[in-house]
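Trainee: structure for the following, please:
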Amino acid sequence: MTAVTAVRHRGRTRRATWRRVAVGTSVALAAGGCSRVGIGHSTLGPLPTAPSPATTVPATTVPATTVPAPPTVGSITWSVCLSDQGPRGAECATVPVPLDYANPNGAQISLALDRHRATGTREGALLINPGGPGASGVDGLETVLGILSPAVLAHFDIIGFDPRGVARSAPIRCLSGPELDQYYHLDPAPSTDAGFQALVDAARRFDQACQANSGAILAHVGTVDAARDMEQIRVAIGADKLNYFGFSYGTLLGATYAEEFPDHIRAMVLDGAIDPAQDATTLTIAQSGAFNAELDAFFADCTSARNCAWHPGGDLRAAFDALTAGLKSRPLPAGGGRSLGPGEAFYGVALPLYDRASWPDLAAALEQATQGDGSGLLHLSDLYTTRAVDGTYSNEQDANTAVSCDDYPWPSDPAAIRALGPRAAATAPEFGIADLYGGLSCSMWPVEPTRSPHPITAPGSPPIVVIGSTGDPATPYGDAVALASELTQGVLVTRQGDGHTGYRSSSCVRAHVDAYLLSLTVPAKGISCPSDG
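Mentor: Take a look at the predicted model:
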């Protein structure tokens, strides 16, 4: 997903990453991953038996003033990235940080970083996060370089990093590839008691696997710890003040850093914002509504466009609902011995809604499915869930769940989540229940959350630019409005238009952000920008 992304923190707050989507003849940027619990990382799949209370591992919440001594300035060593470390031409490094900030002299883990040097006169470094949670900032550096303006690239080293628990930084591991195939194949929005129980059992098995395969890191992957890691990175690279650009989930990470270290910031841009004050279920249902609104926009566009590839005849919503309902009892063949079930269809439809440029891909995949071929939607689902052609997965979804569950307390009784189903369905008929049930893993998660939802004000910070897009399906526009108003020095920039995040889609937004990053010229109050094209 190459446009910054977010479907469940699992865009799940859910995540935000960038990846190329190719179906039929079009290639488009899409988003994958962001920061909510729900779309993108719903707990589907076969997994066994909730851990007993005796095995629950409490996590330590550390006061904001309790931080370890930072690493020695200049201790970081950069070298040319190897082929599996980062994009060609970049430099790579690692930074040691405490596993547990309550015990800074105890066990350490290493964070992976990569860097693209300023192409002109260097004025500093810009740390980026492409979203998630769970997305690799090391791998995402190349995509971010593709959307940042030449002026920003000329004057800043651009630095990506894998947050703790992600990719090369003490990665969380849960299920194997074949187990994840089964997990994502389950019906994410069952209407029967048996179907719901299957999801509960799968969530339990997923959680147990995470606990068994991830060890001590599982209790220390929340956003508060990741923000403290950012401070260690700032010191290690020798920056007096932090420059930061976060997309989607990266906005929650940046806001949390601002809360912890408000006077250590030079410039901060938060694009595709998440409201840190919302609780898990409110956040998830609101995101579902935004996805449903984007699906409605897709239906309207496909109805009016002569070149839309999907021609089911009659009302598109009725045809869509009939198609997806039929998958519950009769999955479609999709090639390679695989089939398209309701779970994969859920992810396959969600992914192209991140970016309007990917709507033709969705239309082509739906037309294939209407003709009895599930391969297009399955391909999109694989892109979303990061399944490789050999059947292996990255750890993006594992980390997404772990961070989401660490950040957002959920009702501990699965029945309480199910009771919210009518509200979710009323808000988002196509996405609401599936997104809501994605929180089942967090309801039974084996470690306690280390963060609770609350407004972040960050008094003492400089102006922080918050970007919201009116048609953003993954991080609804209202979240950006809320975050900008909560921050003592929040400045809202609005982009009018569909799709996830604003900087990549509007030259107007880019002009205001670039002026802010380069010369600290703060956008005027009430700025509203059109989308390009």
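
Trainee: check contacts around the closest residue to residue 522 other than its chain neighbours.
Mentor: Among residues not flanking residue 522 along the chain, residue 463 sits closest, at 4.6 Å (Cβ to Cβ, 6 or more residues apart in numbering). From N, CA and C alone the C-beta is placed, and that goes for glycine too. Applying Cβ atoms under 8 Å, 6 or more residues apart in numbering to residue 463 gives the contacts 489, 490, 491, 516, 522.

Trainee: next one: phi and psi at the third one?
Mentor: The one in question is residue 491. Backbone torsions for residue 491, taken as degrees, to the nearest 10, come to phi -130, psi 110.

Trainee: who's in contact with it?
Mentor: Taking Cβ under 8 Å, 6+ apart as the test, what residue 491 contacts is 463, 464, 465, 466, 484, 522, 523, 525.

Trainee: a strand runs through residue 97, doesn't it?
Mentor: Yes. Assessed with DSSP: H, G, I helix; E, B strand; the rest coil, residue 97 lies in a strand.

Trainee: from residue 445, how far out is the residue nearest to residue 522?
Mentor: 36 Å (Cβ to Cβ, to the nearest Å).

Trainee: ditto for residue 151
Mentor: Relative to residue 445, and taking Cβ to Cβ, residue 151 is found at 44 Å.

Trainee: who's residue 110 bridged to?
Mentor: residue 96 (DSSP bridges).

Trainee: per-residue pLDDT, residue 533?
Mentor: At residue 533, the pLDDT value in this model is 79.

Trainee: please renumber so the chain begins at 210
Mentor: I'll keep to 210 as the first residue from here, and by that count the last item is residue 742.

Trainee: residue contacts, it?
Mentor: Here residue 742 is in contact with no residue (Cβ under 8 Å, 6+ apart).

Trainee: between residue 360 and residue 654, point out the one with more neighbours.
Mentor: Between residue 360 and residue 654, counted using other Cβ atoms under 10 Å, the more crowded position is residue 654 (29 against 15).

Trainee: test my guess that the more buried one contacts residue 416.
Mentor: Yes. In this structure, residue 654 is within contact of residue 416 by Cβ atoms under 8 Å, at 5.8 Å.

Trainee: go ahead and confirm residue 662 touches residue 490.
Mentor: No. Counting by Cβ under 8 Å, residue 662 stays clear of residue 490, with 10.5 Å between them.

Trainee: those two - which one has more neighbours?
Mentor: Neighbours were counted for residue 662 and for residue 490 using other Cβ under 10 Å; residue 490 has more, 20 against 16.

Trainee: let me see the backbone angles for the more buried one.
Mentor: phi -70, psi -40.

Trainee: what sits against it?
Mentor: With the criterion set at Cβ under 8 Å, 6+ apart, residue 490 makes contact with 619, 620, 626, 629, 645, 648.

Trainee: keeping just the C-alphas, turn the helix or strand where the third one lies into PDB.
Mentor: So that's residue 626. Element membership for residue 626 (DSSP states H and E) is helix 623-628. Provided in PDB are the C-alpha atoms of helix 623-628 (Å, rounded to 0.1, in the frame of the first residue of the first chain):
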ATOM      1  CA  PRO A 623     -16.500 -11.200  23.900                       C
ATOM      2  CA  ALA A 624     -20.200 -11.100  24.500                       C
ATOM      3  CA  ALA A 625     -19.900  -7.300  25.200                       C
ATOM      4  CA  ILE A 626     -18.300  -6.800  21.800                       C
ATOM      5  CA  ARG A 627     -21.000  -8.800  20.100                       C
ATOM      6  CA  ALA A 628     -23.700  -6.700  21.900                       C
END
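
Trainee: contact partners of that helix?
Mentor: Against helix 623-628 from outside (Cβ under 8 Å, 6+ apart): 405, 409, 412, 490, 619, 620, 645, 646, 648, 649, 652, 653.

Trainee: residue 530 reaches residue 551, doesn't it?
Mentor: No. If you go by Cβ under 8 Å, residue 530 and residue 551 don't touch, sitting 11.9 Å apart.

Trainee: ok, the two, which is more surrounded?
Mentor: residue 551 (22 against 13).

Trainee: my read is that the more buried one contacts residue 396, right?
Mentor: Yes. With contact defined as Cβ under 8 Å, residue 551 and residue 396 form a contacting pair (4.6 Å).

Trainee: shared neighbours, the two?
Mentor: Shared contacts of residue 551 and residue 396, counting by Cβ under 8 Å, 6+ apart, come down to residue 537.

Trainee: count the neighbours of residue 619 for me.
Mentor: Neighbours around residue 619, by other Cβ under 10 Å: 23.

Trainee: got TSV for the contacts of residue 672, with distance to residue 466, secondary structure and pLDDT too?
Mentor: Below are the contacts of residue 672 laid out as TSV (distance: Cβ to Cβ, whole Å; DSSP: H, G, I helix; E, B strand; the rest coil; pLDDT from 0 to 100):
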residue	distance to residue 466	secondary structure	pLDDT
698	14	coil	98
699	14	strand	98
700	17	strand	98
725	17	helix	98
731	19	coil	98
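
Trainee: out of those, who's the most crowded?
Mentor: Highest count within those by other Cβ under 10 Å belongs to residue 699, 24 neighbours.

Trainee: test my guess that that residue contacts residue 692.
Mentor: Yes. Contact criterion Cβ under 8 Å: residue 699 and residue 692 qualify, at 6.4 Å.
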